[in-house]
Each structure stands twice: as C-alpha cells, then as structure tokens.
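Q: Got a predicted structure here, sequence first:
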Protein chains: 2
Amino acid sequence: MEKKKAMMKVQDEVIKEQLKGFKNKMLVMSGKGGVGKSTVAAYLAVGLAKKGFQVGLMDVDLHGPSIPRMLGLKGNIGSSLESKKGIPISYLPNMQVISIESLLGDKDTATIWRGPLKIGVIKQFIADIEWSNSDYLVIDCPPGTGDEPLTIAQVIPDTKAIIVTTPQEISLADVRKSINFCKQVNMGILGLVENMSGLRCPYCGKTIDIFKTNGGILTAKRAGLTLLGSLPLEPDIVQEGDDGTVAWMDNKDLPYTVNFAKIVDAVADLTK
Amino acid sequence: MEKKKAMMKVQDEVIKEQLKGFKNKMLVMSGKGGVGKSTVAAYLAVGLAKKGFQVGLMDVDLHGPSIPRMLGLKGNIGSSLESKKGIPISYLPNMQVISIESLLGDKDTATIWRGPLKIGVIKQFIADIEWSNSDYLVIDCPPGTGDEPLTIAQVIPDTKAIIVTTPQEISLADVRKSINFCKQVNMGILGLVENMSGLRCPYCGKTIDIFKTNGGILTAKRAGLTLLGSLPLEPDIVQEGDDGTVAWMDNKDLPYTVNFAKIVDAVADLTK
C-alpha cells in the first residue's frame, strides 16, 4: 500500500512535468454523444497544425475511440528505448496523436473497463508518452460528465473546455449540464461549437433543418458563452471521416470548410 | 465493513426478487452516442405498452438522461409509505418509467459521478422502486461499454441486448465493439436497429443518404444478427422528441411509423 502510494506520487510529479510542455490545453466535450465531438476535436487539431502550431491530440474516449479512423491512422504506438516511454503517432510532422485504439491489437475489441482503470490509463497517456513541447494539447473526451472529463479536470487543472452541441432541445439540455459541470470543477470554457446546423439538399439546394437551427446561438447567448462557430451537416464530410481523409479542408468552396476555418481562427485568437 | 457487506447481500436478494417480476429484460445499447438509442428505447417501450403489454422503462443514462424530455414526463418519483420504496412515474396506465432526472430537482444539474456511485444508483433503481409485475423491462443505457452496461450485465444476467446504430462506418465499428461486449459478458443479442438511414428532402422528395445506407444490414448479416428494422431520419420526429409527444405513432402515413411498428412486432415475436 505504501509502495503504491509512493509510485502514484512519482507519477503525479511526472504528469506535472509533462504538462508544462503544453502551452494550451483544450478539452472537447459534449453532454450528449453523436454531436460530432470527435470530428471537431480531430479537425481542430489538424487545423491548428496546418496553421503552423505544434499540436498534440489525445483521445481519451476509451470505449469508442473515433480519432484513428477519422484521421486514417495506421500503426501502433512505438516505444522509446531511451526514455522507456511510448511514442505517439505522427499524423503531421508537427502533430502527434494518442488513442487507445493504437495500443490495442484488434480494432473491434471492446474495452470493458470500469472507472478506476480508465483513470489510470488517462494518467498514463500523459505520464508515459513522449510528447513534444507543443502549443496545443487537444483532448477528445467521451460524452457525459463521468470519469473521463472529471479525471482531465483534476489532472490538468488549466484545461479549457470547448463544448460541442447540435441545435435541438434535447441536445442543448445536455449542454447546460456540461456548462454546469465546468462551473463545478472550475474549468474555464473557451466557447461553444454548434454542429449539424442545417443540411443543404444536394438535389434541390434548399436547406433542411434536421435538428432545427440557432439552438446553439441561443444557448451561447443565454449562458454568456462565445459561439466559436456553426457547422452545417455535410454528407461528403461524413464520407471523408469514414475514409480517414481531410481533403475537404482544402476545398474552400464548401461552407463547412469556410466555417471550420473560422472556428480554428477563433480558438487561435482566444488562446494567443 | 462487515455490516456493509451484509447490507449489500440483502440488497442483492431484493434485486433478485424484484427481477422475477419482469418476464423479459432488454438493454438498448450502442457503442456510439447520438445514434438515437434513447429514441428507440422510449418508443419501443411505448409501442409495447400500446400493444397491451405491461412495461417498465428504466433509464440508466445517469449523466445525460433523455427519456423524461422525450416522453414529456412531469413530476418526480414519489415514495410509498407502506413499502418505503420509490414509486415510478406512470406514463401510461400499463407503463412505468424511472430516470435519474425524475429524482433530481434541477434538470440542468450535472451528475458528476464516478463509476462505483453509478453502480449503486443502478442497483437502487431495481431494488428500491415499486415496479409492477411486467412483461417487459426496457433499459436505456448510455453509449459505450463502461460501468452502466457492465452493471446491467452482472445484475440482470438474463438481459438481452438491442443494439442501435447509424449506417456510417465509424458508427458500425462501435457496433462491432458492442457485439464483442455482449459475447464477453454472455449477453444474448435480440437484434440490431439501424437508425437515421436516409432522409427524404421535404422540398423535393428525394432521399439523401446523410450517413449512407445499408451499413446496418451488412453488419447484421456479417455478424449473424437479426436486423429488427431500419428507421429513416425524420425531422418531424426530432421535433416531437423535443416536445415530448409521440403523436407520430398514430400517423400511419409516415414511413418512420410503419417501420417502427415492424420493430415492435419483431421484438414481441422474438420474446413470445
């Protein structure tokens, strides 16, 4: 017991040291799943890296990690003989990624883990990985206000939250829960991203409000939060997410691309 | 310590006794969030009740419960002076519902709970609630393969899973995780529901494959599972879900209604 306590103390020191290497830490969270949280986290990391920043992307969704497929990551985490730490996957020369999927052999394995084990894994993601000194650490969190976001709040106290939502009321109720979560754990909120805000019919060109619109704007205003941006639902982007490409980022004709670039700029501005 | 152990043993006995009151137990689960799991759980419960069955609906999504809003539930859980147990909310004369939201005062409160506490609450949902003897217990679970579904698997060993998915690949990868989860914990699978499978443009009438189509059918076939049904994306149903009404169930002209009725029939058939 004493030995375990001492080991945890050492780990806490290592985590503190490692975190000094990141200038800004951002937790992408949502009260509800399926609102495109991982999409926002992955593309925000790539967007910041394409602007020239050094970026780390940490996927702490341990049950359903989407980041590796979304970015088309191949290969597993390596290990450094010298430092004995894991080497994250380099998605770009200035962007490193870590996800539980890159540590597991079979991609379809279910990680049937209870809370305490998950806390340990998240701590190891920070302590035992050879991260480069970076401008940003972007963290993709599973939905809800359970062990994962709570662990991040406690282990990385200067993290700022980016809350993702879709415009419908049921989703927004969960956003208000996320906002209350941040207040309770003293986590600053960078802003809100409204996703799936309308879909342009590819046949007739009219906009269909599947999940209604403007809910995000209203919630942001009511809660006194910055709306970082609104993203339309774009079937082509869903397809690219499945294929693991981000070619859409270079297609400046897409409203999605234009709006996403604005979000990246807003985040860079707010963290200057 | 001894006293706590004894209390837990008593609780386990009560749970066993309570569970005898339910003929069929079904866990509605998904690897990924936002696929419409709560929608399927809520409407399946109502659909079975409208067929004349006695139904209990247990919402074990403790961080982001959607059931109360979706069904427009008002009021809180009462308590019985006689049995000292909680009285679930009656949505229909033959349908009872329990959700964490009906126990909390403020609907926007974030339940910042770690795993062990959640296990305790789920157990109390069974042990300390005055359930009627029922044909069905429908359980709505948060996404993933963490504490909540694991607790259900252990506490209610004869539960059968209904896995909900959307047709795109990233979501299907998570379904394969759910299937593997069921195998590992020895939970039978009743079948798969494919949700958000295409959207009919309300302006031009053409079908837009937002999240592609047929992914669910292919996954079901590959995994040797029954496809219970496919549901289109229907903006009006999203609206009704927000408003807490199920008026669409009586509108037999909607493809969604027709398809949902088939799912209810399939479930009733498989559990006869």
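A: Yep, it's here. Just so we're clear, the structure is a prediction, and the values are computed from it rather than from any experiment. Numbering: from 1, shown residues only, chains lettered A, B, ... in the order given.
Q: Leaving out the residues flanking it, which one is nearest to A:Thr165?
A: Spatial nearest neighbour of A:Thr165, excluding adjacent residues (C-beta to C-beta, 6 or more residues apart in numbering or on different chains): A:Val175 at 4.5 Å. Just so you know, the C-beta spots here come from the backbone N, C-alpha and C atoms, and that holds for glycine as well.
Q: so that neighbour touches A:Leu192, yeah?
A: Yes. A:Val175 is within contact range of A:Leu192, at 7.2 Å (criterion: C-beta atoms under 8 Å).
Q: Between these two, which contacts overlap?
A: A:Ile163, A:Thr165, A:Thr219 (C-beta atoms under 8 Å, 6 or more residues apart in numbering or on different chains).
Q: helix or strand for the last one, which one?
A: Using DSSP states H and E, A:Thr219 falls within helix A:215-223.
Q: Report the separation between A:Gly241 and B:Val35.
A: Distance, A:Gly241 to B:Val35, using C-beta to C-beta, to the nearest Å: 15 Å.
Q: should've said A:Pro202
A: 23 Å.
Q: returning to that earlier point: would the residue nearest to A:Thr165 count as being in a strand?
A: No. Assessed with DSSP: H, G, I helix; E, B strand; the rest coil, A:Val175 is helix; it does not lie in a strand.
Q: which residues of chain A score low on pLDDT?
A: For chain A, no stretch is flagged by pLDDT under 70.
Q: for it, what spans make up the helices?
A: Secondary structure of chain A (DSSP state H): helices at A:2-19, A:37-50, A:67-70, A:115-127, A:147-155, A:169-184, A:215-223, A:235-243, A:255-270.
Q: Using a markdown table, please lay out those together with mean neighbour count and distance to A:Ile98.
A: Putting these into a markdown table (neighbours: other C-beta atoms under 10 Å in any protein chain shown; distance: least, C-beta to C-beta, whole Å) gives the following:
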| stretch | mean neighbour count | distance to A:Ile98 |
| --- | --- | --- |
| helix A:2-19 | 12 | 12 |
| helix A:37-50 | 25 | 12 |
| helix A:67-70 | 24 | 9 |
| helix A:115-127 | 19 | 6 |
| helix A:147-155 | 21 | 14 |
| helix A:169-184 | 22 | 23 |
| helix A:215-223 | 18 | 29 |
| helix A:235-243 | 18 | 19 |
| helix A:255-270 | 17 | 20 |
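Q: if we can go back for a sec, got the angle between the helix holding A:Thr219 and helix A:169-184?
A: Interaxial angle, helix A:215-223 versus helix A:169-184 (axes from the mean of the first three to the mean of the last three C-alpha atoms, to 10 degrees): 40 degrees.
Q: For helix A:215-223, which outside residues touch it?
A: A:165-169, A:171-172, A:175-176, A:179, A:191-194, A:197, A:225-227, A:230.
Q: where's the closest residue to A:Tyr43 other than its chain neighbours relative to chain B, distance?
A: Nearest non-adjacent residue to A:Tyr43, counting by C-beta to C-beta, 6+ apart: A:Phe260, 6.1 Å away. According to C-beta to the nearest C-beta, to the nearest Å, A:Phe260 and chain B sit 18 Å apart.
Q: Tell me if I'm right that A:Phe260 and A:Gly229 touch.
A: Yes. Counting by C-beta under 8 Å, A:Phe260 touches A:Gly229, with 7.3 Å between them.
Q: Once you drop chain neighbours, what's closest to A:Gln239?
A: Using C-beta to C-beta, 6+ apart, the closest residue to A:Gln239 is B:Lys212 (7.4 Å).
Q: let me fix that: A:Gly229
A: A:Ile263 (3.8 Å).
Q: For chain B, what is the nearest residue in the stretch 51-200 of chain A?
A: Closest contact between the stretch 51-200 of chain A and chain B, by C-beta to the nearest C-beta, is at A:Gly115 (2.8 Å).
Q: Touching, that residue and A:Ile122? I think so.
A: No. In this structure A:Gly115 lies outside contact range of A:Ile122 using C-beta under 8 Å: 10.7 Å.
Q: shared neighbours of the two, which are they?
A: Counting by C-beta under 8 Å, 6+ apart, nothing touches both A:Gly115 and A:Ile122.
Q: How about the residues of the stretch 51-200 of chain A by chain B?
A: A:63-64, A:66, A:69-70, A:107-116, A:118, A:142-147, A:150, A:166, A:168-170, A:173-174, A:176-181, A:184-185, A:199 (C-beta under 8 Å from any C-beta of the partner chain).
Q: let's see it at 7 Å
A: A:63-64, A:66, A:69-70, A:107-116, A:142-147, A:150, A:168-170, A:173-174, A:176-177, A:180-181, A:184, A:199 (C-beta under 7 Å from any C-beta of the partner chain).
Q: quick one: A:Lys252 and chain B, what's the gap?
A: 23 Å.
Q: tell me the contacts of that residue?
A: Residues in contact with A:Lys252 (C-beta atoms under 7 Å, 6 or more residues apart in numbering or on different chains) are A:Val258.
Q: Just read off the phi/psi values of it.
A: Per-residue torsions, A:Lys252: phi -70, psi 0 (degrees, to the nearest 10).
Q: now the residue minimising distance to the centre of chain A, nearest residue through space, not along the chain?
A: What sits nearest the mean C-alpha location of chain A, by C-alpha atoms, centre = their mean, is A:Asp140, with 2.6 Å. In space, not counting the residues next to it along the chain, A:Asp140 is nearest to A:Ala41; the distance is 3.7 Å by C-beta to C-beta, 6+ apart.
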